[in-house]
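quick check, what structure comes out for this input:
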Amino acid sequence: MYKDWNCFCIIRFNINNFNPVTAMKNIKIISLVFVLMSLTFSAFAQTKDDEPPADPIIGSWKYAATTLHPESAENVKKQLNSPEKLEKKMGSSLLKVGFRAGSTLVFKEDGTFYQRISGKNYDGTYTYTSDHKSLTLTFNHSGETIPMEMNFKDTEFQLTVPADKFMYFVNVNETKANSETLLFVLCLVTMFEDTKLLMKYVK
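Next up is the predicted model:
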């Protein structure tokens, strides 16, 4: 009974001290706060939604290997019956140019790229199709533009490079490569028609 009486007194006191003007002001302030919070949240959510997702090609990639394209390997096999030996020779020749596993290729958001080979950066600009099936590199040191087919996955991609264009990936005059490397590339071009190489990169 005593507790109930206290409750009644508190309620009566609150009613007696109720000020409609003050209450309306408090309601308006609370409403305004909720409106501002709602607008702020909506603007933040809209900004996040409007931001385009970063293209997965942007960033740093590591060179893994260069092999004969399967179609070219079949062509070589028909004529020489030894695509494996040719690929081994190619690998040793590319090492002399500086193509080693782990060499970095970096695509920047501004449409430029660079590849680090033998301690030197070879840079230029790039474009690609939205389906990641075609990539075009333009090298600053040679001015050469190389369109390539691209097979892209989340953590790796492969570039199909015409053998006669591969030499433009580096400035041969500035590398330690000897004439053997150039002769090897030229041999691929002259002996086998439309020879293509497959360059592999991983994250």
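
and residue 104, what does it touch?
Residue 104 sits next to 60-63, 115-116 when contact means C-beta atoms under 8 Å, 6 or more residues apart in numbering. C-beta coordinates here come from the backbone N, C-alpha and C atoms, glycine included.

make a markdown table out of the residues you listed and add secondary structure and neighbour count.
Formatted as a markdown table, the entries for the contacts of residue 104 read as follows, by DSSP: H, G, I helix; E, B strand; the rest coil; neighbours: other C-beta atoms under 10 Å:
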| residue | secondary structure | neighbour count |
| --- | --- | --- |
| 60 | strand | 12 |
| 61 | strand | 20 |
| 62 | strand | 14 |
| 63 | strand | 21 |
| 115 | strand | 22 |
| 116 | strand | 17 |
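
how many residues are close by residue 155?
9 (other C-beta atoms under 10 Å).

same question for residue 64.
Residues contacting residue 64 under the criterion other C-beta under 10 Å number 15.

residue boundaries of the strands in the protein?
Taking DSSP state E as the criterion, the chain contains strands spanning 59-68, 104-107, 112-117, 120-128, 134-139, 145-152, 156-162, 196-202.

would you reformat these as CSV and include mean pLDDT?
Converted to CSV, the strands of the chain look like this (pLDDT from 0 to 100):
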stretch, mean pLDDT
strand 59-68, 92
strand 104-107, 94
strand 112-117, 91
strand 120-128, 91
strand 134-139, 94
strand 145-152, 93
strand 156-162, 92
strand 196-202, 92
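
please identify which of the contacts of residue 104 is nearest to residue 200.
Here the nearest of the contacts of residue 104 to residue 200, counting by C-beta to C-beta, is residue 63; it sits at 7.7 Å.

do you know how far the closest one is from residue 80?
26 Å (C-beta to C-beta, to the nearest Å).

same deal with residue 167?
Going from residue 167 to residue 80 by C-beta to C-beta gives 22 Å.

please say which of those two ends up with more neighbours.
For residue 167 against residue 80, the residue with the higher neighbour count under other C-beta under 10 Å is residue 167, and the figures read 18 against 12.

quick check: that one vs residue 99, distance?
Distance check for residue 167 against residue 99: by C-beta to C-beta, it reads 12 Å.

residue contacts, residue 160?
Applying C-beta under 8 Å, 6+ apart, one finds that residue 160 lies in contact with 69, 148-151, 196-198.

distance to residue 85 added to the strands of the chain, as TSV?
Shown next, in TSV, are the strands of the chain (distance: least, C-beta to C-beta, whole Å):
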stretch	distance to residue 85
strand 59-68	11
strand 104-107	28
strand 112-117	25
strand 120-128	29
strand 134-139	29
strand 145-152	25
strand 156-162	21
strand 196-202	16
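
between these, which one is closest to residue 93.
Once the strands of the chain are compared by C-beta to C-beta, strand 59-68 is nearest, at 9.9 Å.

still on that earlier bit, which one of the strands of the chain lies closest to residue 91?
The closest of these to residue 91 is strand 59-68. By C-beta to C-beta, the value is 7.3 Å.
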